[in-house]
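J.: Fold the following.
(one chain, ligands or ions: 4)
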Amino acid sequence: MKSQEARNTFLEFFKEKTHRIVPSAPMVIKDDPTLMFTNAGMNQFKEYFLGNSVPKSKRATDTQKCLRVSGKHNDLEEVGKDTYHHTMFEMLGNWSFGDYFKKEAIAWAWELLTEVYKIDKESLYVSVFEGSKDADNLGMDTEALDLWKAIVPEDRIIYGNKKDNFWEMGDQGPCGPCSEIHVDIRSKEEKAKVSGASLVNQDHPQVVEIWNLVFMQYNRKADGRLEPLPAKHVDTGMGFERLCMVLQGVKSNYDTDVFTPIIREIETITNSEYGKNEETDIAIRVIADHIRAVSFSIADGQLPSNTGAGYVIRRILRRAIRYGFTFLDTKEPFMYRLVQVLSSTMGHVFPELKEQHQLIENVVKEEEHSFLKTLDQGLVLLDSVLENAKGKLIDGRKAFELYDTYGFPIDLTSLILGERGFELDEKGFETAMQEQKKRSRSASEVSKEDWTILANDLEQEFVGYDVLEAKVKLVKYRKV
Ligand code: ATP
Ligand code: MG
Ligand code: MG
Ligand code: MG
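T.: Ligands and ions are numbered 1, 2, ... in the order given. Predicted coordinates for the structure are as follows:
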């Protein structure tokens with residue numbers, strides 16, 4: 001099943017069950033101090049769960065663009081190294097706002113997976129919250145357990161701890177116990193050797209979580225206490241790319257039609273081949289992943305910059321540029337050339353990609369251009385630092401010099417050091433940073449604004465954005 005059909009099938013299934021299909025909210029969040037980027041489908045409905053506002057319809061479904069690179073859900077380190085965590089991904093979801101609860105959520109999830117998508121029942125495992133003995137002191141989710149027992153044999157039910165089976169958006173906000181569905185896509189021979197049940201939640205690339213059914217019952221307050229929500233809700237999230245992996249019978253998200261057009265383009269542009277060498281493969285996966293995160297952010301109005309969310313985006317882009325430079329020998333801007341294929345494969349679902357296509361290309365190209373100017377020199381400096389290093393711990397002041405003079409984000413320096421078997425003295429870096437801040441405080445005022453940076457040679461300059469219902473849109477341009 002092609003990805004487009006998989007997405008539509010999900011939405012249509014829940015539409016038939018009287019859910020309203022709603023658009024994805026922006027991936028970049030502008031008005032919530034507790035969250036920088038949308039990290040799950042439920043974010044845009046937070047106020048409904050808290051009882052602060054009333055939805056138009058008690059049932060909703062959508063595909064939500066998510067980004068998991070900061071805060072409670074940060075998958076950046078895994079991306080590219082494994083084959084099923086992305087920075088930006090689509091989360092398919094269905095919701096009940098104080099309407100149906102566990103019984104329907106569980107029955108429908110099972111029906112969709114096994115009867116509509118026709119995923120082999122024998123390859124599925126489900127999990128149930130076992131309770132917690134900590135300050136929250138929560139009991140086992142016996143209601144979900146009984147419902148699952150009526151559907152699946154007991155040896156396919158896993159009892160999960162708080163880390164895996166109690167879902168929280170962030171340090172605060174709506175939360176609750178959950179039941180997850182995992183799929184084992186290993187070969188028959190491998191399945192016979194080791195039981196799939198023992199591999200659930202063990203970071204096995206072919207025994208992966210695909211769907212999380214969260215039963216929203218609590219609100220985590222700023223002081224850490226849980227308080228019951230005024231009503232009970234259902235919030236589900238299914239990883240779209242992982243679903244496609246299962247439905248397309250491949251072993252990696254990057255082998256689905258969501259990613260292969262981008263990967264083919266990277267191969268062509270960089271004259272490389274995917275699937276031959278692990279180091280090259282990681283670089284290709286990182287680039288294929290990161291161009292999506294960066295493009296979707298810019299399409300939402302978040303340009304790379306030196307502060308806040310803008311700096312997160314700049315760091316992601318620079319990380320990808322360095323992977324290309326070191327492992328694919330890309331010495332010229334090239335990532336901007338991937339925007340075309342992204343917008344032609346995903347623009348029909350996310351029209352903002354098409355609308356902002358030119359802006360995205362310009363911004364990415366300019367970022368690549370400016371980082372490539374100093375990347376080479378910075379890497380030479382880093383090489384000499386490593387050659388002269390006495391031990392395995394690298395002076396934080398050197399890392400600061402790389403940051404300050406060559407534009408190396410600190411996590412990029414850490415990543416490179418890790419690849420070479422070294423470690424960073426983070427305290428030294430912090431001290432050097434503080435000293436410089438003190439020095440510059442007396443000097444000219446530095447802009448803290450996220451949205452100001454646009455290079456001179458861009459054709460258009462962004463000057464504002466409009467907030468339309470749940471959508472932030474770039475609306476005004478000035479020719480420069
Ligand atoms: P995992 O344990 O694999 O990290 P999770 O438990 O953190 O996943 P949830 O917060 O439950 O994920 O999100 C719901 C669904 O979104 C998951 O079941 C998974 O299919 C998908 N998902 C989560 N994180 C990612 C990611 N980084 N990239 C792609 N899909 C993801
Ligand atoms: Mg996770
Ligand atoms: Mg999980
Ligand atoms: Mg989960």
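
J.: Backbone dihedrals for residue 59, please?
T.: phi -130, psi 130 (degrees, to the nearest 10).

J.: What count of nearby residues applies to it?
T.: Residue 59 has 19 neighbours, counted by other CB atoms under 10 Å. (Each C-beta comes from the backbone N, C-alpha and C, glycine too.)

J.: Look up the pLDDT of it for me, please.
T.: Confidence at residue 59, expressed as pLDDT, is 98.

J.: Return the residues in contact with it.
T.: Residues near residue 59 by CB atoms under 8 Å, 6 or more residues apart in numbering: 14, 17-20, 94-97, 99-100.

J.: Next, the buried residues of stretch 310-321.
T.: 310, 312-321 (16 or more other CB atoms under 10 Å).

J.: Looking at the residues you listed, which is nearest ligand 1?
T.: Distance to ligand 1 across the buried residues of stretch 310-321 (CB to the nearest ligand atom) is lowest for residue 316, with 13.1 Å.

J.: Enumerate the residues of this structure near ligand 1.
T.: Contact residues, the chain versus ligand 1 (CB under 6 Å from any ligand atom): 40, 68, 75, 85-86, 89, 91, 209-212, 237-239, 241-242.

J.: hmm, 8 Å instead?
T.: Residues of the chain lying near ligand 1 by CB under 8 Å from any ligand atom: 39-40, 66, 68, 73, 75, 78-79, 84-87, 89, 91, 164, 167, 178, 180-181, 201, 208-212, 214, 237-243, 253.

J.: Residue 437 and ligand 1, how far apart?
T.: 33 Å (CB to the nearest ligand atom, to the nearest Å).

J.: In three-state terms, label that residue for me.
T.: Three-state assignment for residue 437 (DSSP: H, G, I helix; E, B strand; the rest coil): helix.

J.: burial measure for it, as a count.
T.: Neighbours of residue 437 using other CB under 10 Å come to 10.

J.: List the contacts of residue 348.
T.: By CB under 8 Å, 6+ apart, residue 348 lies in contact with residue 4.

J.: From ligand 1, how far off is the closest residue to residue 346 other than its chain neighbours?
T.: Excluding the flanking residues, the one nearest residue 346 by CB to CB, 6 or more residues apart in numbering is residue 353, at 5.7 Å. Distance of residue 353 to ligand 1, given as CB to the nearest ligand atom: 19 Å.

J.: Look at residue 353 and say how many residues are nearby.
T.: 22.

J.: One more: the one 4 residues further on?
T.: A count of neighbours around residue 357, defined by other CB under 10 Å, yields 18.

J.: Give the helix, strand or coil label for residue 288.
T.: Under three-state DSSP, residue 288 falls in the helix class.

J.: Contacts only, for the residue of the stretch 201-350 of the chain found nearest ligand 1.
T.: Nearest residue of the stretch 201-350 of the chain to ligand 1 (CB to the nearest ligand atom) works out as residue 239 at 2.5 Å. Going by CB under 8 Å, 6+ apart, residue 239 touches 84, 89-91, 209-211.

J.: JSON lines please, covering the buried residues of stretch 310-321 and showing secondary structure and pLDDT.
T.: Converted to JSON lines, these look like this (DSSP: H, G, I helix; E, B strand; the rest coil; pLDDT from 0 to 100):
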{"residue": "310", "secondary structure": "helix", "pLDDT": "95"}
{"residue": "312", "secondary structure": "helix", "pLDDT": "95"}
{"residue": "313", "secondary structure": "helix", "pLDDT": "96"}
{"residue": "314", "secondary structure": "helix", "pLDDT": "97"}
{"residue": "315", "secondary structure": "helix", "pLDDT": "96"}
{"residue": "316", "secondary structure": "helix", "pLDDT": "97"}
{"residue": "317", "secondary structure": "helix", "pLDDT": "98"}
{"residue": "318", "secondary structure": "helix", "pLDDT": "97"}
{"residue": "319", "secondary structure": "helix", "pLDDT": "97"}
{"residue": "320", "secondary structure": "helix", "pLDDT": "98"}
{"residue": "321", "secondary structure": "helix", "pLDDT": "98"}
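
J.: JSON lines for those residues, including distance to residue 293?
T.: As requested, those are exported to JSON lines (distance: CB to CB, whole Å):
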{"residue": "310", "distance to residue 293": "13"}
{"residue": "312", "distance to residue 293": "9"}
{"residue": "313", "distance to residue 293": "7"}
{"residue": "314", "distance to residue 293": "11"}
{"residue": "315", "distance to residue 293": "10"}
{"residue": "316", "distance to residue 293": "5"}
{"residue": "317", "distance to residue 293": "8"}
{"residue": "318", "distance to residue 293": "12"}
{"residue": "319", "distance to residue 293": "10"}
{"residue": "320", "distance to residue 293": "9"}
{"residue": "321", "distance to residue 293": "13"}
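
J.: Could you measure from the residue of the stretch 201-350 of the chain closest to ligand 1 over to residue 221?
T.: Separation of residue 239 from residue 221 (CB to CB, to the nearest Å): 29 Å.

J.: again, but for residue 157
T.: Distance from residue 157 to residue 221, counting by CB to CB: 32 Å.

J.: Equivalent analysis for residue 20, please.
T.: In terms of CB to CB, residue 20 sits 30 Å off from residue 221.

J.: quick one, which of those two is more surrounded?
T.: Neighbour count, other CB under 10 Å: between residue 20 and residue 221, residue 20 has more, with 15 against 12.

J.: So what's the residue count around residue 131?
T.: Neighbours around residue 131, by other CB under 10 Å: 18.

J.: Would you confirm that it belongs to a helix?
T.: No - per three-state DSSP, residue 131 lies outside any helix segment and is coil.

J.: Apart from its neighbours in sequence, what residue is nearest it?
T.: Sequence neighbours aside, residue 140 is the residue nearest to residue 131 in space, at 4.1 Å (criterion: CB to CB, 6+ apart).

J.: Report the contact partners of the one you found.
T.: By CB under 8 Å, 6+ apart, the neighbours of residue 140 are 128-131, 159.
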